[in-house]
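Show me the folded form of this:
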Amino acid sequence: MSIAAQVERFVAMGTRVEVHVFGGGFADALAAARRAIEDVDDALTIHRPSSTTAVNEGLLAGRDVTIDDPVLIEALIAVQEVHALTDGAFDPAIDHRFGGAGWGDVVFDPRTARISAMRPLALDFGGFGKGFALDRACAALRDAGVVCACLSAGESSLAVIGEHPLGGGWPFAIPHPSRADAVLVELELLDEALSISTTVGAGTHAPERAAMIRPSDGAIVTAARCAVAVDRNGGKAEALSTALLVADDNRTRRMLKAAPARRFLYDLSQAAALTVDVARMHVA
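Down below sits the predicted model:
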């Protein structure tokens, strides 16, 4: 059975983005979804001049900054929520260059759109931005009447709208990041987003990729792990998968127990052939 799809492919946020919309007459919706993702890229990137780099210049100089970019304001409000959700394990201000500085040093007032920091620091929305962009793209598609779509930003960030075109959930098999013959887990998504974060595999060697830092002690995380998180919200899924990689044991336990069928952490250091039961880190 053939099911027609309209597809938009482009590069944004340093990766390949694909938007698949099922059903006819959605060319304008695809264009709106692309604009939504590119708007996030333009606002949150730190690899070229942007609203975020302008804010970072002020924070590093010890100045208060008034933000006039609505996308960045929306992102900062969402970051406040996911920082609390992960008990601080997701921290877009943590950076080994700035000692112990982190999101706890940031003062952000969404009512006035003003941001400041108690000591020099800079924001990096890696581990959040792609999921946030997919959220905004999904919102644009739904506003245009789309009821069935699948979006991806690279191979690690996915979002779906509605049921699979053939009915039921959208099936995904999460591969081992460095072994082509192993699958970590199989999941079905329905109006959900999925994020994968890992410390191993080809993607970890990208030159612009920041080190994974544990906020509790500032240590760089090098253990061979892979985290998978599913949530209704792509930004939250992205932050959760990042947080699971860097959290201390107590935070990890809390996050896994809060949604055991939607949050997974795998120890990839084992030499034996991996199965889901062997690979998953069951934190008691």
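
With only the CA atoms kept, save the helix or strand that contains Ser116 in PDB.
When elements are assigned from DSSP states H and E, Ser116 belongs to strand 114-117. In PDB, the C-alpha atoms belonging to strand 114-117 read as follows (Å, rounded to 0.1, in the frame of the first residue of the first chain):
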ATOM      1  CA  ARG A 114      15.800  40.800  31.200                       C
ATOM      2  CA  ILE A 115      18.600  38.400  32.000                       C
ATOM      3  CA  SER A 116      21.800  38.800  34.100                       C
ATOM      4  CA  ALA A 117      24.300  36.500  35.800                       C
END
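
by contact count, what packs against that strand?
helix 51-60, strand 65-66, strand 106-109 (3 or more Cβ pairs under 8 Å, 6 or more residues apart in numbering; DSSP states H and E). Yep, even glycine has a C-beta here, placed from its N, CA and C like the rest.

Which secondary structure elements does the shortest one sit against?
Read it as strand 65-66. Here strand 65-66 touches helix 51-60, strand 114-117, going by 3+ Cβ pairs under 8 Å, 6+ apart.

And the longest one, what's buried?
Applying a neighbour-count criterion of 16 or more other Cβ atoms under 10 Å, one finds Ser51, Thr52, Val55, Asn56, Gly58, Leu59 buried in helix 51-60.

quick revisit: next, format the helices and strands packed on strand 65-66 as JSON lines and append mean pLDDT and distance to Gly100.
As requested, those are exported to JSON lines (pLDDT from 0 to 100; distance: least, Cβ to Cβ, whole Å):
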{"stretch": "helix 51-60", "mean pLDDT": "97", "distance to Gly100": "15"}
{"stretch": "strand 114-117", "mean pLDDT": "97", "distance to Gly100": "13"}
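
now the ones you listed in TSV, with distance to Asp124?
Putting the helices and strands packed on strand 65-66 into TSV (distance: least, Cβ to Cβ, whole Å) gives the following:
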stretch	distance to Asp124
helix 51-60	8
strand 114-117	14
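
The ones you listed: which one's closest to Val106?
For Val106, the closest of these is strand 114-117, at 5.3 Å, according to Cβ to Cβ.

Now do the most centrally placed residue in the chain against Leu59, distance only.
Nearest residue to the geometric centre of the chain (Cα atoms, centre = their mean): Glu238, 2.5 Å. Look at Glu238 and Leu59: by Cβ to Cβ, to the nearest Å, they are 22 Å apart.

What count of nearby residues applies to Lys257?
For Lys257, the count of nearby residues is 11 (other Cβ atoms under 10 Å).

A helix includes it, no?
Yes. Lys257: assigned to a helix according to DSSP: H, G, I helix; E, B strand; the rest coil.

from now on call the first residue 416
Okay, using 416 as the starting number, the last item reads as Lys672.

so where do the strands sit in the chain?
Using DSSP state E, the strands found in the chain span residues 420-427, 430-437, 480-481, 521-524, 529-532, 564-568, 572-576, 585-590, 598-604, 608-613, 640-646, 678-682.

Name the residues of the second one that come out as buried.
Looking back up the chat, that one is strand 430-437. The neighbour-count check on strand 430-437 (16+ other Cβ under 10 Å) flags Thr430, Val432, Val434, His435, Val436, Phe437 as buried.

separation between the second one and Gly569?
By that I understand Val432. 8 Å.

how many other residues sit next to the closest residue to Thr527 other than its chain neighbours?
Nearest residue to Thr527 in three dimensions, chain neighbours excluded: Thr481, at 7.4 Å (Cβ to Cβ, 6 or more residues apart in numbering). Thr481 has 10 neighbours, counted by other Cβ under 10 Å.
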